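mind looking at a prediction? Sequence and model below.
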Amino acid sequence: MATVHQIRTILARRTPVTTDPARFPGHKHAAVALLLRDHAGVTELFYLLRASHDADPWSGDIGFPGGHIDATDSSPRAAAERETCEEIGLDLSEAEHLGQLDDIAGAHLPVIVSCFVYHLPIAVDMVLNHEVVETFWVPLTHLTDIRRHVMTEVRFREETLLRPGIDLLGPGRRVLWGITYRLTSQFLHLIGHRLPETPIP
């Protein structure tokens, strides 16, 4: 599995494909942070479980910290850092920014998502706000373990969708799917691993 040093090198050598939101009228622009740490020699990714809320299209889902870009944000990266601080109390100015993934568009929601990758060199305490109910770190080996790869039925608005996902939390719990699955898949592809792709109609 890739080390943080190898991931740093891979991201430094590439230029991310970014999307101009002006080309997609009606689309919102969001930004998230993919956080990495080295835990006892094992590279891990950070995920959170969002609180259930009727007005939130990602209600109850597993995701990365982040959210919509505000007019006061100087850049998508600044928005990702602001949202991360608001949601989990983590100041990313003390983390190492490794690079950016390619922007992706929502398959069912009119949104463009930018994802920025950070390395946390030391253990940090997190303070969760009302939008987050749980956080956890996942070893890269769990993400690539085919025994955890599932096709799952998810309810999106009034529709039932069959989508690939990763079982991170065990039976009866939410699985990783959707936009965060696609960003995770893109990240793993960059470091030499492929996940089943989400079908986009």
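Everything's here; your move.

so which bits of the helix or strand of the chain with the lowest mean pLDDT are buried?
With mean pLDDT, DSSP states H and E as the measure, the helix or strand of the chain carrying the lowest mean pLDDT is strand 149-156 (a mean of 85). For strand 149-156, a neighbour-count test (16 or more other Cβ atoms under 10 Å) marks Thr152 as buried. Glycine gets a C-beta too; all of them are placed from N, C-alpha and C.

contacts for it?
Residues external to strand 149-156 that are found in contact with it (Cβ atoms under 8 Å, 6 or more residues apart in numbering): 57, 108, 160-167, 175, 177-178, 195-196.

now which of those residues would you call buried?
Burial by neighbour count, judged by 16+ other Cβ under 10 Å, picks out Leu161, Arg163, Pro164, Gly165, Ile166, Asp167, Val175, Trp177, Gly178, Leu195 from the contacts of strand 149-156.

save those residues as JSON lines, and put in secondary structure and distance to Gly66 too.
Conversion of these to JSON lines gives the following (DSSP: H, G, I helix; E, B strand; the rest coil; distance: Cβ to Cβ, whole Å):
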{"residue": "Leu161", "secondary structure": "strand", "distance to Gly66": "22"}
{"residue": "Arg163", "secondary structure": "strand", "distance to Gly66": "20"}
{"residue": "Pro164", "secondary structure": "strand", "distance to Gly66": "22"}
{"residue": "Gly165", "secondary structure": "strand", "distance to Gly66": "19"}
{"residue": "Ile166", "secondary structure": "strand", "distance to Gly66": "19"}
{"residue": "Asp167", "secondary structure": "coil", "distance to Gly66": "23"}
{"residue": "Val175", "secondary structure": "coil", "distance to Gly66": "19"}
{"residue": "Trp177", "secondary structure": "coil", "distance to Gly66": "17"}
{"residue": "Gly178", "secondary structure": "helix", "distance to Gly66": "14"}
{"residue": "Leu195", "secondary structure": "coil", "distance to Gly66": "20"}
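
tell me the secondary structure of Thr184, please.
The three-state label given to Thr184 by DSSP: H, G, I helix; E, B strand; the rest coil is helix.

where do the strands sit along the chain?
Listed in chain order, the strands of the chain (DSSP state E) span 28-39, 42-50, 62-63, 66-68, 96-100, 104-105, 111-119, 132-139, 149-156, 159-166.

what angle do the second one and strand 132-139 make?
By that I understand strand 42-50. An angle of 160 degrees separates the directions of strand 42-50 and strand 132-139 when computed by axes from the mean of the first three to the mean of the last three Cα atoms, to 10 degrees.

please save the CA atoms from the least confident helix or strand of the chain in PDB.
What follows is strand 149-156 as a C-alpha-only set of coordinates in PDB (Å, rounded to 0.1, in the frame of the first residue of the first chain):
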ATOM      1  CA  HIS A 149     -17.100  -4.000  -1.900                       C
ATOM      2  CA  VAL A 150     -20.900  -4.200  -2.300                       C
ATOM      3  CA  MET A 151     -23.800  -3.200  -4.500                       C
ATOM      4  CA  THR A 152     -26.200  -1.400  -2.300                       C
ATOM      5  CA  GLU A 153     -29.700   0.000  -2.600                       C
ATOM      6  CA  VAL A 154     -29.800   3.600  -1.500                       C
ATOM      7  CA  ARG A 155     -32.800   5.900  -1.200                       C
ATOM      8  CA  PHE A 156     -32.300   9.200  -2.900                       C
END
